[in-house]
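[1] sequence first, predicted coordinates after that:
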Amino acid sequence: MKDIRTKFGVKVKDLRISKGYSQEKLAELSDLDRTYIPGIESGKRNVSLVVIEKIAKAFKIRLSELLNDL
């Protein structure tokens, strides 16, 4: 079974690609450092609720949509 961080990272990467965002663009839109996004997508970062909220806002989706099916 995949770790929750890995599942979340895959979800973020899939959404990012579907929106046509680069990692740098997602970082800019979510007000995060550009080096932070690869760590999230690879499941190496244990992200906070604040970061999850920033990412959801960058994708213009609700938190529940971002966390659904993890």
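    Here it is on my side, so go on. Numbering: from 1, shown residues only.
[2] residue 68 and residue 22: what is the separation?
    In this structure, residue 68 and residue 22 are 24 Å apart, going by Cβ to Cβ, to the nearest Å. Where C-beta positions appear, they are placed from N, C-alpha and C, glycine not excepted.
[3] which helix or which strand is home to the spatially most central residue of the chain?
    In the chain, the residue lying closest to the centroid (Cα atoms, centre = their mean) is residue 12, at 3.6 Å. Here residue 12, judged by DSSP states H and E, is contained in helix 4-19.
[4] I'd like the average pLDDT over that helix.
    Mean pLDDT, helix 4-19: 97.
[5] could you say what helices and strands it packs with?
    Other helices and strands packing on helix 4-19, by 3 or more Cβ pairs under 8 Å, 6 or more residues apart in numbering; DSSP states H and E, are helix 23-29, helix 36-41, helix 49-59, helix 63-67.
[6] deepest of those helices, which one?
    Highest mean neighbour count of those: helix 36-41, a mean of 20 (counted as mean count of other Cβ atoms under 10 Å).
[7] mind listing residues that contact that helix?
    Applying Cβ atoms under 8 Å, 6 or more residues apart in numbering, the contact partners of helix 36-41 are 8-10, 12-13, 16, 23-24, 26-27, 45, 47, 51, 55.
[8] that one - what's its average pLDDT?
    98.
[9] residue 63 is in contact with residue 53, correct?
    Yes - with contact defined as Cβ atoms under 8 Å, residue 53 and residue 63 form a contacting pair (6.3 Å).
[10] pull the contacting residues for the nearest residue to residue 65 once chain neighbours are set aside.
    Residue nearest to residue 65 in three dimensions, not counting chain neighbours: residue 56, with 7.3 Å by Cβ to Cβ, 6 or more residues apart in numbering. By Cβ under 8 Å, 6+ apart, the contact set of residue 56 is 62, 63, 65, 66.
[11] got phi/psi on residue 32?
    phi -120, psi 160 (degrees, to the nearest 10).
[12] wouldn't it be in contact with residue 50 here?
    No - contact criterion Cβ under 8 Å: residue 32 and residue 50 do not qualify, at 10.2 Å.
[13] let me see the contact set for residue 19.
    Contacts of residue 19 by Cβ under 8 Å, 6+ apart are residue 59.
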